[in-house]
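Undergrad: Can you look at this prediction? I've put the sequence above it.
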2 protein chains.
Amino acid sequence: MAASLKNRKESTKNRIIEAAKALFADQGYTKTTIADISRQAGLSEAALYEYFQGKEDLLLTIPDLWVCDLIEDLERQLFGIKGAVNRLRKYLWWYCRRVEESPLDAKIVYLFLKTNANFMQTEVYSNVKVLYGYLLEIFEEGRRTKELRPDLDPRIARNIFIGTMEHIITLWLLRDRAYSLFENLEETFDLMVGAFTRGAETPRGGPAKGPDIH
Amino acid sequence: MAASLKNRKESTKNRIIEAAKALFADQGYTKTTIADISRQAGLSEAALYEYFQGKEDLLLTIPDLWVCDLIEDLERQLFGIKGAVNRLRKYLWWYCRRVEESPLDAKIVYLFLKTNANFMQTEVYSNVKVLYGYLLEIFEEGRRTKELRPDLDPRIARNIFIGTMEHIITLWLLRDRAYSLFENLEETFDLMVGAFTRGAETPRGGPAKGPDIH
DNA sequence: AGTATATCCGAATGATATTCGGAAAGTATT
DNA sequence: AATACTTTCCGAATATCATTCGGATATACT
């Protein structure tokens, strides 16, 4: 039957991916050999090439799957949440949770992907852009509704937001996830949002004006 | 004479480093071969091993030299600058300038270093910590003098500052330095500092109170 | 059963990092 | 200047690893 055939193929492919994911995340891309991966996946090195074009293809497949799943999930998660600040908060908490749930994927994305010389030309990159593109919309919207300061440059705000987010995630990964990613997340978020809302009409904590500069 | 001997050795070593730096930055670590490097440096592959233990050692040497030089320079640059905000500003502008001056070093640090499985155990890492450690002191000092908000957590502030800084640098490197790193730097800095000073006694732009929350 | 197709593997192949043994060049000592 | 010593270098192995080839084995379909 075609279905079970497809399933068998998919299941082997998954075994290879899981093996590669674990090994890449543990030893890094360079130190992991095809022999390692195929042994872990329970087939020969030659057979692996029936499923993937090569080592680099295998590396890129892992984050590709993850990021596609993230995009799929993101819209659903933000659905129905009103207000730029609320949406930003949801975005950050959602992303951190996804990272905590899939640390191996995250490690590969954050530590081994940019390394690749032509990361920019890759499918993954354009998907990451989609993922981060949502933030631009949120900042735009917040500016229009005056929830955020009207002179806020969305791209700059996004740089701060993503930069901070990626930094705390990278630190957490490099330190072997020895603590919770959510430690201090509240304070970090408040500090950032404070920068985005200052001078807006309804900052967090109730209506209040920013500093007057007469 | 011992001096000229040392010089000859150093000069060859430098030729190798410069060749490796250019090639790594251009093609990435994996795609660059020892044959490439030694050809570019004008000696045999075997001779290269008289100067470096191997390819990885060569990779790590490059950022090591750069970061040591940065540490050496940083103290000098901050010397005599008063006030947390002024010191933060100097830090950011100084670092961006150094990155713009040595884009190859920066590319290797930001794109190829963290990928190394044991980056955390490396000499470079502890030096980067020194470099970033200065920021903690600046935030501490600013909090004590009330120039920054008294409830500011230095580590969180540093995460935002470094995260943002590294992000705009990484973007700039990935986009092949097609624009100036200083574009929007002013606005980015102001936005961040706004978050750090809100509620402090003397925010930028003159004395003013943060929002009252009665 | 028989044929086609998918899946697999042992054994080459080729590229590349690293080592070995010794040559060539330079330096110091007499 | 000749000798001994040290540094610097390289051609030729060696070892590791990614990838390919040719064919074997299992599975699906008629």
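TA: Noted; the coordinates are in hand. Numbering: from 1, shown residues only, chains lettered A, B, ... in the order given.

Undergrad: can you tell me how far A:G28 sits from chain B?
TA: Counting by C-beta to the nearest C-beta, to the nearest Å, the separation of A:G28 from chain B is 4 Å. Glycine gets a C-beta too; all of them are placed from N, C-alpha and C.

Undergrad: Report the contact partners of A:M165.
TA: The neighbours of A:M165, taking C-beta atoms under 8 Å, 6 or more residues apart in numbering or on different chains as the test, are A:L92, A:Y95, A:C96, B:G163.

Undergrad: I'd say A:Y179 and A:L173 touch.
TA: No: assessed by C-beta atoms under 8 Å, A:Y179 is found out of contact with A:L173, at 11.7 Å.

Undergrad: picking that back up, wait, which of the contacts of A:M165 is closest to DNA strand D?
TA: DNA strand D has its nearest neighbour among the contacts of A:M165 in A:Y95, at 31.4 Å by C-beta to the nearest atom of the strand.

Undergrad: just to revisit the earlier point, compare A:Y179 and A:L173 (neighbour count), which wins?
TA: A:L173 (21 against 11; other C-beta atoms under 10 Å in any protein chain shown).

Undergrad: ok, the residue nearest to the more buried one when sequence neighbours are not counted - contacts?
TA: The spatial neighbour of A:L173 that comes closest, neighbours along the chain excluded (C-beta to C-beta, 6 or more residues apart in numbering or on different chains), is A:K107 at 5.2 Å. Residues near A:K107 by C-beta under 8 Å, 6+ apart: A:F24, A:A25, A:L173.

Undergrad: ok, now A:V85?
TA: Contacts for A:V85 (C-beta under 8 Å, 6+ apart) come out as A:G142, A:E147, A:L148, A:V193, A:T197, A:R204.

Undergrad: tell me which element it is part of?
TA: Using DSSP states H and E, A:V85 falls within helix A:84-101.

Undergrad: what about dumping the CA coordinates of that helix to PDB?
TA: Extracted as PDB, the C-alpha positions of helix A:84-101 are listed here (Å, rounded to 0.1, in the frame of the first residue of the first chain):
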ATOM      1  CA  ALA A  84       0.400  45.800  21.000                       C
ATOM      2  CA  VAL A  85       1.800  45.300  24.500                       C
ATOM      3  CA  ASN A  86      -0.300  42.200  25.100                       C
ATOM      4  CA  ARG A  87       0.700  40.800  21.700                       C
ATOM      5  CA  LEU A  88       4.400  41.500  22.400                       C
ATOM      6  CA  ARG A  89       4.200  39.800  25.700                       C
ATOM      7  CA  LYS A  90       2.500  36.800  24.200                       C
ATOM      8  CA  TYR A  91       5.100  36.600  21.500                       C
ATOM      9  CA  LEU A  92       8.000  36.600  23.900                       C
ATOM     10  CA  TRP A  93       6.400  34.100  26.300                       C
ATOM     11  CA  TRP A  94       5.300  31.800  23.500                       C
ATOM     12  CA  TYR A  95       8.700  31.900  21.800                       C
ATOM     13  CA  CYS A  96      10.600  31.200  25.000                       C
ATOM     14  CA  ARG A  97       8.300  28.300  25.800                       C
ATOM     15  CA  ARG A  98       8.800  26.800  22.300                       C
ATOM     16  CA  VAL A  99      12.600  27.200  22.800                       C
ATOM     17  CA  GLU A 100      12.400  25.500  26.200                       C
ATOM     18  CA  GLU A 101      10.300  22.700  24.700                       C
END
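
Undergrad: What mean pLDDT does whatever helix or strand comes next after it get?
TA: Toward the C-terminal end, the helix or strand that comes next after helix A:84-101 (DSSP H and E) is helix A:103-107. The average pLDDT for helix A:103-107 rounds to 97.

Undergrad: now whichever helix or strand comes after helix A:103-107, how far from the centre of its chain.
TA: The first helix or strand that comes after helix A:103-107 along the chain, using DSSP H and E, is helix A:123-144. Mean-position distance between helix A:123-144 and its chain equals 12 Å (C-alpha atoms, centre = their mean, to the nearest Å).

Undergrad: just the angle between helix A:123-144 and helix A:84-101, please?
TA: Counting by axes from the mean of the first three to the mean of the last three C-alpha atoms, to 10 degrees, helix A:123-144 lies at 150 degrees to helix A:84-101.

Undergrad: Identify the residues contacting A:I168.
TA: Residues counted as contacts of A:I168 (C-beta under 8 Å, 6+ apart) are A:L181, A:L185, A:T188, B:N159, B:G163.

Undergrad: Fine, thanks again, bye for now.
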